[in-house]
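Visitor: Show me how the following folds:
(chains A, B and C)
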Amino acid sequence: MTKPTTLAQDFALTCPIPISEYPQVLLAHGGGGKLMHTLIEKMFLSAFQNPMLGARHDGAIFDLNGMRVALTTDSYVVRPLFFPGGDIGTLAVNGTVNDLAMCGARPLFLTAGFILEEGLPMETLWQVVRSMQTAAAAAGVAVVTGDTKVVDKGKGDGLFVNTAGLGIVPPGVVVTPERVHPGDVVLLNGDIGRHGMAIMAAREGLAFESAIESDCAPLAEPVLALLDAGIDVHCLRDLTRGGLASAVIEIAGAAGVHVDLDERAIPVRPDVQGACEILGLDPLYVANEGRFVAFVAPQDAERALGILRGTPPGADARPIGRVEHARPGGLVTMTTAIGASRVVDMLSGEQLPRIC
Amino acid sequence: MCLAVPGRIISIADGAGLDRSGRVSFGGVVKEVNLAFVPEAAVGDYVMVHVGFAISRVDEREAEQIFAYLAQMEDLAVPEEPA
Amino acid sequence: MKFIDEYRDARAARRLAGAIARATTRPWTIMEVCGGQTHAIVKFGIDELLPDLITLVHGPGCPVCVTPVELIDKAVEIAAAPGVIFCSFGDMLRVPGTKGDLLSAKARGADVRVVYSPLDALALARTHPDYQVVFFAVGFETTAPANALAVHQAHRQGIANFSLLVSHVLVPPAMEAILASPHNRVQGFLAAGHVCTVMGYQEYAPLAARYRVPIVVTGFEPLDILQGIYLCVRQLEAGQAEVENAYARSVRRGGNREARRLIAEVFQVRPRRWRGIGEIPQSGLELRSDYAGFDAERRFGLADYSVEESSECQSGRVLQGILKPFECPAFGARCTPEHPLGATMVSSEGACAAYYRYRGGGIREAQL
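Guide: Numbering: from 1, shown residues only, chains lettered A, B, ... in the order given. Here you go, the predicted model:
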């Protein structure tokens, strides 16, 4: 628990988020929804203004002596540290590899920064590190530099990891929301909701027996397969916190288009559905760690699907929607299971289990 | 209010009366559920579960009613409304 | 998933919608009582399939929405007390009181935990004997048996560090209050299928007779709701006012005997203030004297008081079906899920939240 800062007076004069609104950071500010986006826009983007940041993409892409370099960073705070299908280490490697892949880059190098809580068992740390080693080898990346800090007991939740990633974007490849056009087809590489529900199953208080494992996986292979085959991929986004819904809403907003999804085309496994039903959660907003959406021109859709289905993370790839037309501010709608229509909106914070 | 979800009882523990409980499967996800309020339910039955308690046993015959009715409509060749 | 997927079939839904359209010759206003039904209607777009002659209004069946604001304040106060583990269903965490909500209290250091079941809270009491574990017992009759059993077990097993902050409300008195109101425009009801699973539907016959309204016990999946509407319209067109059970796979006329017995053993009926509506006699539950030791308000010495609310919030009128969420001037403007004026905009079952989420309240000019 931190004491109130004596700088509050000065801060209030310049802080873009009126202090009276949210004087303290809430968990919802990290949930991938509206509150997090507001925090990022008003606090960070406004302070660090520059064109690359303004692109609001998962990674930054810039020219370095004729080579197009992609750079990204992510911090991993998942609890519990170990869950069915992975651990914080596999997430830390694959999450950052995937952010690079979503820029159309070939991931090459990672940094790894560790914040360790005093008292963390060495064995735990060693397991995490070995997971990272395995994941890095599988993803074809090298961890080339890092940092370690230890904090007082009670301040660190055990273990936090930050990884930054660097990759190279092949010449001629431009993957950004700006390239999304009316008529584009939205492709999804597999069933949704596994990671979030695997975590739920492992959390105290909401425990259930299940075989649901996180879908945590590196996505560079399917992306590079598309690019190597000459598919002109317009936009990519991996579905992490906030789920499929948040990723598509972000792209629709950045691209200024209306995207219409088909609920019946979006695969959800029966056990993931079961877990979501009992907790009252919508799979559309549940976190994933091995899923992405790709926006391609309609004439490329069939071929792209064929290529994706030839890769392990894309074996169950489907078309799930279309870009309808331009629409400033973006809009995402969905044809529901019964054939009617609804708007898919950004949640304000994290989805909470409900009984009502 | 009252999200209640149908699940299939896959095992019943030894407890009796208010302590009666069992394992219920929801599409493959299994949760421990209190069965105090459905003394008649047996392994293989479906129950409606709300906040970890079974509040009713699903009557599978009644569940069929609406589909029988819909099939009737089909037999009468009632035209579908445009979507 | 069996008993879910088949009730979401698109062709069957269109067939039922067709039957409703053919049966409807005059305008009718039907209320679905339960917030879970509101949620399903808006999420699946069920009202889109209905003829324009039918108006669905959303009732006060959201126990989260109708929990009096002073109870939220008491919850926040108890949660902030030292040595307390405050347990709640997720639904309650973002509902604003006058001193913030439980989630903010958690941000300020209170030990607030989401639980799936009251038995989870009881288990915490067992494993944390040095803490006071308080469970926020919010709900309609559906949740009362679970809460009753938790208290009964605590009593039997001598778990003294467990208590309930009770906010139970009953459906039939609310329906009567709506029907008795001079502003009432509801002509037929879809009764709450899971409340009736517990309580049965015998209590509705006198209401149907006295106010001449058809009452159809209805489930929660799209086909259930469409069938409930169909049967209600059929009665309205024929001038009937009967109680019908369209959720017979879960609801029996007498409800669940064991559950009702336990509720009666642990709880007794009392008048209750409903947020946005006011006091409705005989509409709430409190712990009986044998179990009163488990009442958190008593244990923490919290006096009874009432709180004045923002007059801008019209959730009361929304809850009574007099106003649709988008008819409220604050909807989507001064009142959003991030800055809610009332509970109906925050609760996942609240009518305002449902419209905001699924009908694009954030996009004011959206025409769908």
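
Visitor: going forward, measure contacts and count neighbours with C-alpha atoms only.
Guide: OK.

Visitor: got the contact list for C:Y204?
Guide: C:Y204 makes contact with C:P172, C:I215, C:V243, according to CA atoms under 8 Å, 6 or more residues apart in numbering or on different chains.

Visitor: Now, those residues that are in strands?
Guide: Assigned to strands by DSSP state E, the following of the contacts of C:Y204 qualify: C:I215, C:V243.

Visitor: Among the contacts of C:Y204, which one sits closest to chain A?
Guide: Nearest to chain A out of the contacts of C:Y204 is C:P172 (CA to the nearest CA; 17.8 Å).

Visitor: Hmm, C:E203 and the closest one touching each other?
Guide: Yes - counting by CA atoms under 8 Å, C:P172 sits close enough to C:E203 to count as a contact (7.1 Å).

Visitor: ok, the nearest residue in space to A:A220 that is not next to it in sequence - how many residues close by?
Guide: Sequence neighbours aside, A:A101 is the residue nearest to A:A220 in space, at 5.1 Å (criterion: CA to CA, 6 or more residues apart in numbering or on different chains). Taking other CA atoms under 10 Å in any protein chain shown as the criterion, the count of residues near A:A101 is 29.

Visitor: So what does A:A101 look like in phi/psi?
Guide: Per-residue torsions, A:A101: phi -60, psi -40 (degrees, to the nearest 10).

Visitor: which ones are touching it?
Guide: Contacts for A:A101 (CA under 8 Å, 6+ apart) come out as A:P107, A:L219, A:A220, A:V223, A:L224.

Visitor: Up against chain A, what does the stretch 1-150 of chain C have?
Guide: C:1, C:8-11, C:13-14, C:35-36, C:42-46, C:48-49, C:62-63, C:89-91, C:103-104, C:107-109, C:114-116, C:120 (CA under 8 Å from any CA of the partner chain).

Visitor: related to what we said a few turns ago, ok, the contacts of C:Y204 vs chain B, which is closest?
Guide: C:P172 (14.1 Å).

Visitor: The residue in chain A positioned nearest to chain B and C:G90, how far apart?
Guide: Closest approach between chain A and chain B, counting by CA to the nearest CA: A:C356, at 4.1 Å. Distance from A:C356 to C:G90, counting by CA to CA, to the nearest Å: 9 Å.

Visitor: swap in A:A211?
Guide: Distance from A:A211 to C:G90, counting by CA to CA: 24 Å.

Visitor: higher neighbour count, the two?
Guide: Set A:A211 next to C:G90 and count neighbours by other CA under 10 Å: C:G90 wins out with 22 against 15.

Visitor: for the residue of chain C most remote from its centre, helix, strand, or coil?
Guide: The outermost residue of chain C, judged against the average C-alpha position, is C:D130 (33.7 Å), by CA atoms, centre = their mean. The three-state label for C:D130, taken from DSSP: H, G, I helix; E, B strand; the rest coil, comes out as coil.

Visitor: which ones are touching it?
Guide: C:G83, C:N161.

Visitor: Out of the contacts of A:A101, list just those in strands.
Guide: Among the contacts of A:A101, the members falling in strands are A:P107 (criterion: DSSP E).

Visitor: Please flag which of the contacts of A:A101 sit within helices.
Guide: A:A220, A:V223, A:L224 (DSSP state H).

Visitor: Same list (the residues you listed) but as CSV, adding pLDDT and neighbour count.
Guide: Below are the ones in helices among the contacts of A:A101 laid out as CSV (pLDDT from 0 to 100; neighbours: other CA atoms under 10 Å in any protein chain shown):
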residue, pLDDT, neighbour count
A:A220, 95, 23
A:V223, 97, 26
A:L224, 96, 17
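
Visitor: Pull out the buried positions in stretch B:42-52.
Guide: Burial within stretch B:42-52, assessed by neighbour count using 16 or more other CA atoms under 10 Å in any protein chain shown, is assigned to B:A42, B:D45, B:Y46, B:V47, B:M48, B:V49, B:H50, B:V51, B:G52.

Visitor: Which residues does the longest strand seen in chain B contact?
Guide: Taking DSSP E as the criterion, chain B has its longest strand at strand B:5-12. With CA under 8 Å, 6+ apart as the test, strand B:5-12 has contacts from A:277-278, B:20-27, B:42-50, B:58, C:2-4.

Visitor: go again using 7 Å as the cut-off
Guide: Outside of strand B:5-12, the residues that reach it under the criterion CA atoms under 7 Å, 6 or more residues apart in numbering or on different chains are A:277-278, B:21-26, B:43-50, C:3.

Visitor: Please put the alpha-carbon coordinates of that strand into PDB.
Guide: Backbone C-alpha positions of strand B:5-12 (Å, rounded to 0.1, in the frame of the first residue of the first chain) are rendered in PDB as follows:
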ATOM      1  CA  VAL B   5     -26.600 -23.900 -16.200                       C
ATOM      2  CA  PRO B   6     -27.500 -27.500 -17.100                       C
ATOM      3  CA  GLY B   7     -24.900 -30.100 -16.300                       C
ATOM      4  CA  ARG B   8     -24.700 -33.900 -16.200                       C
ATOM      5  CA  ILE B   9     -24.100 -35.600 -12.900                       C
ATOM      6  CA  ILE B  10     -21.100 -37.900 -13.300                       C
ATOM      7  CA  SER B  11     -20.600 -39.000  -9.700                       C
ATOM      8  CA  ILE B  12     -22.300 -38.600  -6.300                       C
END
